[in-house]
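Visitor: Quick one: sequence and predicted model below, then my questions.
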Amino acid sequence: METLYALVDHLFPFAWTQHVFMKNALIAVLLITPVFGLLGTQVVINRMAFYSEALGHSALTGIGIGVVFGLQNPTLSMIAFSVLLAVAISIVKSSGRTPTDTIIGVFSATSVSLGIVMLSRGGSFNKYSYLLIGDVLSITPDDLVMLGIMFLVTLLFWMLFYNSLLLVSLNPSIAHSRGINVRLFEVLFAVMMAVLVTVSIQWVGLLLITSLLVLPAAAARNISGNIRRYTAISVLITIAAGLSGLILSYYWGTATGATIVLISALIYFVTLLLKPRFN
Amino acid sequence: MVCEKALSHQNNHPCGLCCTTIKNLGVTLGKTEILRDVNIHIHCGDLTALIGPNGAGKSTLLKAILGEIPFTGELKFLDARGCSTKRPPVGYVPQRLDFDAGSPISVLDLFLASLSRLPVWLASPKPLRRRALDSLSRVQAGHLIDRRLGDLSGGELQRVLLALALDPVPALLLLDEPVSGVDQEGMELFYNLVSDIRQEYDLSIILVSHDLDVVSQYADRMIFLNKTVLFSGKPGDEWRTDRVVQTLGPAWLQGTSGVSRAVLANRSGLD
């Protein structure tokens, strides 16, 4: 950890990096924003914005379960519940004829209400309201380890299975005809999203988590004509928005997650203006 | 069971697939029975047309053959001596791609993702690009290689998907209403390409279609399907049996042929 901090001091010799909590926040942003950039490209192509919203909301239930069972650190119960929800949605989706958005809506409503009921028992919901907008100061070295693992797992997955994932999202039958296990990849991607959303929610905030997934990729989509460009631009935007958002929020005294999302939104509107040039 | 064409095809087929037999195949999804008692025999080198109204289970049958949905009964791939072989390479062209038309996915991306494990977002090596170009040229679509999928016309996209299904060359090619919603010119080009490909490579083709008369021009066998096989035979056979007419309804048959007659009239005018 110490060497990592020294490295940060060396690379970012600024006033705001003097605080340990800002060093943690900076490392967290650098580790996790590229993951948002990568996964976001698939979320946008697959039209899964609503789905990721539901996953974000399920974090409330996960924490509720953690509280009910008296867990010290609710992260585990959060991840477990989100993964459960993600798998449940993809199973129900593929076994019936109900429209996907209806299924997601039902699961989302159930998990949010369940979470609020559990957390508000005894009138103590205020304790958890930090979850709504997130708090970057809450990141601990332990959290950084988890974000680091998430970063490595995503990169590995993107190296090994991206092509299959892309074919599945274009047409499951074509993917199937080329020997790809469609269900497996749908579930794996859903699980990755669930884990990313839950490990990030404490600092991005439940209200904005989907925006951070969707905005950078949507902006990249406006100005790209192939996958290489799309992926590179999406990752660059998330890193740029993440860094500038973190610094601005420090000087403005604003919520970091929201500041990052606001900058992403700004970039999105700029790309929207540039779009005609790329079509 | 020994394949009729066994001897003539024994030597020149890449994977040894000679015929595909389907016995008592049934598919039930939820509580709805979609297919029952389907018996079909498909020879290699034949173009078999599956004809039937909407909801007859044509697409479902293709998905069962693909192994995408569970079914009851038997599906066997036989080699020239009538022995079961493992699942042959299958090419599939869907009715349409249901995707976000603004997606930044180029035609080349689609090929790279299908042909190699090297991640598309990382690199596009020259040899793979050349291979994709070759495949696309086969269906007169080489010039589309750098276009976005969403920018292609219906006919262009279907040709690209046909090129993809043919690389690597499959033993069995499944076409699920590949030209519905494609204009006249695009449709003719597509069917002519399929005809050529069939002669060049010795593969079995199953073509799902609404269009009776056009299909009877290209197909070796016609199968009328509505939940189960109503009729199976050659295009010249008298398929207008009571069973077919009653199940499909005279209106449906007339409706389809009416459209097709106009198409054919148009074609002979061009010629």
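Guide: In hand now; what should we look at? Numbering: from 1, shown residues only, chains lettered A, B, ... in the order given.
Visitor: and the residue most central in space within chain A, what helix or strand is that in?
Guide: Residue closest to the mean C-alpha point of chain A, counted by C-alpha atoms, centre = their mean, is A:V197 at 4.1 Å. Following DSSP states H and E, the helix or strand that holds A:V197 is helix A:182-204.
Visitor: Can you give me every residue that contacts residue 174?
Guide: Answering for chain A, as no chain was given. Contact partners of A:I174, counting by C-beta atoms under 8 Å, 6 or more residues apart in numbering or on different chains, are A:L167, B:Y92, B:P94, B:S114, B:L161, B:L164, B:A165. The C-beta positions use only the backbone N, C-alpha and C, and glycine is treated the same way.
Visitor: you looked at the wrong chain, it should be chain B
Guide: With contact set as C-beta under 8 Å, 6+ apart, B:L174 has these partners: A:S177, B:L62, B:I65, B:L66, B:V90, B:G91, B:Y92, B:V93, B:I205, B:I206.
Visitor: Quick check: residues of chain A near chain B?
Guide: Taking C-beta under 8 Å from any C-beta of the partner chain as the contact definition, chain A meets chain B at A:41, A:44-45, A:47, A:96-97, A:158-160, A:162-164, A:166-167, A:169-174, A:176-178, A:182, A:220-221, A:224-232, A:279.
Visitor: How about residues contacting stretch A:177-195?
Guide: When contacts are taken as C-beta under 8 Å, 6+ apart, the neighbours of stretch A:177-195 outside the stretch itself are A:39, A:42-43, A:48, A:51-52, A:55, A:58, A:79, A:82-83, A:85-87, A:89-90, A:94, A:150, A:153-154, A:157, A:161, A:164-165, A:167-168, A:172, A:175-176, A:213, B:66, B:68, B:90-92, B:114, B:165, B:174.
Visitor: so of these, which ones are in helices?
Guide: Members of those lying in helices (criterion: DSSP state H): A:39, A:42-43, A:51-52, A:55, A:58, A:79, A:82-83, A:85-87, A:89-90, A:94, A:150, A:153-154, A:157, A:161, A:164-165, A:167-168, A:172, A:175-176, A:213, B:66, B:114, B:165.
Visitor: Now neighbour count too, for the contacts of A:I174, in JSON lines please.
Guide: Shown next, in JSON lines, are the contacts of A:I174 (neighbours: other C-beta atoms under 10 Å in any protein chain shown):
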{"residue": "A:L167", "neighbour count": "23"}
{"residue": "B:Y92", "neighbour count": "26"}
{"residue": "B:P94", "neighbour count": "22"}
{"residue": "B:S114", "neighbour count": "24"}
{"residue": "B:L161", "neighbour count": "27"}
{"residue": "B:L164", "neighbour count": "25"}
{"residue": "B:A165", "neighbour count": "26"}
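Visitor: Which one of those residues is nearest to B:W121?
Guide: Proximity of these to B:W121 (C-beta to C-beta) peaks at A:L167, which lies at 13.6 Å.
Visitor: Grab the nearest non-local neighbour of that closest one.
Guide: Counting by C-beta to C-beta, 6 or more residues apart in numbering or on different chains, the nearest residue to A:L167 once its immediate chain neighbours are dropped is A:A175, at 4.1 Å.
Visitor: Would you mind measuring from the one you found to B:T228?
Guide: As for A:A175, its distance to B:T228 is 29 Å (criterion: C-beta to C-beta, to the nearest Å).
Visitor: which one of the two has more residues nearby?
Guide: Neighbours per residue (other C-beta atoms under 10 Å in any protein chain shown) separate A:A175 from B:T228, with A:A175 holding more: 24 against 17.
Visitor: hang on, that one packs against A:L165?
Guide: No: at 9.2 Å, A:A175 does not count as touching A:L165 under the criterion of C-beta atoms under 8 Å.
Visitor: Can you name the two of the contacts of A:I174 that sit furthest apart?
Guide: In those, the most distant members under the criterion C-beta to C-beta are B:P94 and B:S114, with 13.8 Å between them.
Visitor: in its sheet, what does the helix or strand containing B:V208 sit against?
Guide: For B:V208, the element it lies in under DSSP H and E is strand B:204-209. Partners of strand B:204-209 in the sheet, by DSSP bridges, are strand B:47-51 (parallel), strand B:172-176 (parallel).
Visitor: Using TSV, lay out the ones you listed together with mean pLDDT.
Guide: Formatted as TSV, the entries for these read as follows, by pLDDT from 0 to 100:
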stretch	mean pLDDT
strand B:47-51	89
strand B:172-176	91
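Visitor: Check for me that B:I22 belongs to a strand.
Guide: Yes: when classified by DSSP: H, G, I helix; E, B strand; the rest coil, B:I22 is found to be part of a strand.
Visitor: who's in contact with it?
Guide: For B:I22, the residues meeting the contact criterion (C-beta under 8 Å, 6+ apart) are B:V38, B:N39, B:I40, B:H41, B:I42, B:I65, B:G73, B:E74, B:L75, B:K76.
Visitor: Out of those, flag the one nearest to A:S124.
Guide: The shortest separation between A:S124 and any of the contacts of B:I22 is 58.1 Å, and it belongs to B:I65 (by C-beta to C-beta).
Visitor: contacting residues around B:A49?
Guide: Counting by C-beta under 8 Å, 6+ apart, B:A49 touches B:L207, B:V208, B:S209, B:V215, B:S216, B:Y218, B:A219, B:R221, B:M222, B:I223.
Visitor: returning to what we had before: Throw together a ChimeraX command that grabs the buried residues out of the contacts of stretch A:177-195.
Guide: In ChimeraX, a selection of the buried entries from the contacts of stretch A:177-195 looks like this (16 or more other C-beta atoms under 10 Å in any protein chain shown):
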select /A:39,42,43,48,51,52,55,58,79,82,83,85,86,89,90,150,154,157,161,164,165,167,168,172,175,176,213 /B:66,68,90,91,92,114,165,174
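Visitor: Next, B:I223: secondary structure please.
Guide: Reducing the assignment to helix, strand or coil with three-state DSSP, the entry for B:I223 is strand.
Visitor: That one: neighbouring residues, count only.
Guide: In terms of burial, B:I223 registers 24 neighbours under the definition other C-beta under 10 Å.
Visitor: confidence score at the nearest residue to it once chain neighbours are set aside?
Guide: Counting by C-beta to C-beta, 6+ apart, B:S232 is the residue found nearest to B:I223 once chain neighbours are left out, at 4.7 Å. Confidence at B:S232, expressed as pLDDT, is 83.
Visitor: ok, and what's touching stretch B:221-237?
Guide: Among residues not part of stretch B:221-237, those counted as contacts by C-beta under 8 Å, 6+ apart are B:33-40, B:42, B:46-53, B:56-58, B:61, B:215-217, B:219-220, B:239, B:241, B:243-244, B:247-248.
Visitor: Just give the number of residues close to A:G40.
Guide: For A:G40, the tally of surrounding residues (other C-beta under 10 Å) stands at 32.
Visitor: The one 4 residues further on too?
Guide: Using other C-beta under 10 Å, A:V44 has 25 neighbouring residues.
Visitor: tell me the secondary structure for the residue lying closest to it once chain neighbours are set aside?
Guide: Using C-beta to C-beta, 6+ apart and skipping the chain neighbours, the partner closest in space to A:V44 is A:A217 (4.2 Å). The local conformation at A:A217, judged by three-state DSSP, is helix.
Visitor: ok, now how distant is the residue nearest to A:L167 from B:G91?
Guide: Taking C-beta to C-beta as the measure, A:A175 falls 13 Å from B:G91.
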